[in-house]
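A predicted structure for the sequence below; I have some questions about it.
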Amino acid sequence: MTLPHLASIFVTLLSGVAVMFLRLRASNRPTTMRKIIIPPIGMSTGFLMFVAPFTRVPWSWALLAFAVGAVLFAYPLIRTSKLERVGDDIILKRSKMFIFILLGLLIIRLLVHNLVEQSVSIPQTGGLFFILAFGMIVVWRVAMLQAFLKLKKRG
């Protein structure tokens, strides 16, 4: 392994841990529809990377990456994130397993990333993993939005 590759893995792990701590800090605070839908909308700007030809991948690869994120990676997040009504507020309650699920998904992502990187260019690998992450967050947030609206309706 080269130094840049090790640095990339380290930065990815550090970023993943930072996201985990931010997510845990946000637990048990009131949530709103805006807090649920803004992350995927903000993340969607990342698709601008595909303006550059060297990041483009075949549609079948993109669909497969989205499907893997939407099915395999979103499911554990959906199962460990529950919304509850507390008074007038709706609170996101995470299971005690949530941090371990995030850590496991990060490790799986790193392992698969190294395999994919051997077959396609680094920019294409980045594009595929962006699409995978987008599939994961969109499905997770849609599930959260459905639960939020159901709780709000019961209000």
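Nice, I can see it. Nothing here was measured: the structure is a model prediction, and the numbers come from that model.

Next, the buried residues of the helix or strand that contains residue 132.
Under the criterion DSSP states H and E, the helix or strand holding residue 132 is helix 122-154. Within helix 122-154, the residues that count as buried by 16 or more other Cβ atoms under 10 Å are 123-144, 147-148. All C-beta atoms are positioned from the backbone trio N, CA, C, and that covers glycine.

And for the residue nearest to residue 56 when sequence neighbours are not counted, the neighbour number?
In space, not counting the residues next to it along the chain, residue 56 is nearest to residue 50; the distance is 5.7 Å by Cβ to Cβ, 6 or more residues apart in numbering. Burial measure for residue 50: 16 neighbouring residues, criterion other Cβ atoms under 10 Å.

Now do the same for residue 50: its pLDDT.
The score at residue 50 is 96. That number is its pLDDT.

That one belongs to a strand, doesn't it?
No: counting by DSSP: H, G, I helix; E, B strand; the rest coil, residue 50 falls outside a strand, being helix.

need the helix or strand of this protein with the lowest average pLDDT.
Comparing helices and strands within the chain by mean pLDDT, DSSP states H and E singles out helix 3-26 as the least confident, with a mean of 72.

Quick one: name whatever helix or strand follows that helix.
Following helix 3-26 toward the C-terminus (DSSP H and E): helix 33-43.

Tell me how far that following helix lies from the chain's centre.
12 Å (Cα atoms, centre = their mean, to the nearest Å).

Show me what counts as buried in it.
Buried positions in helix 33-43, judged by neighbour count with 16+ other Cβ under 10 Å: 36, 40.

With stretch 61-81 instead?
With the criterion 16+ other Cβ under 10 Å, stretch 61-81 contains buried residues 61-62, 64-66, 68-70, 73-74, 76-78, 80-81.

Out of those residues, name the ones that lie in helices.
Judged by DSSP state H, those include 61-62, 64-66, 68, 74, 76-78 as members of helices.

can I get those in JSON lines with pLDDT and distance to residue 11?
Rendered in JSON lines, the data for these read as follows (pLDDT from 0 to 100; distance: Cβ to Cβ, whole Å):
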{"residue": "61", "pLDDT": "95", "distance to residue 11": "25"}
{"residue": "62", "pLDDT": "97", "distance to residue 11": "25"}
{"residue": "64", "pLDDT": "96", "distance to residue 11": "26"}
{"residue": "65", "pLDDT": "95", "distance to residue 11": "21"}
{"residue": "66", "pLDDT": "97", "distance to residue 11": "24"}
{"residue": "68", "pLDDT": "94", "distance to residue 11": "23"}
{"residue": "74", "pLDDT": "94", "distance to residue 11": "24"}
{"residue": "76", "pLDDT": "89", "distance to residue 11": "24"}
{"residue": "77", "pLDDT": "87", "distance to residue 11": "22"}
{"residue": "78", "pLDDT": "92", "distance to residue 11": "28"}
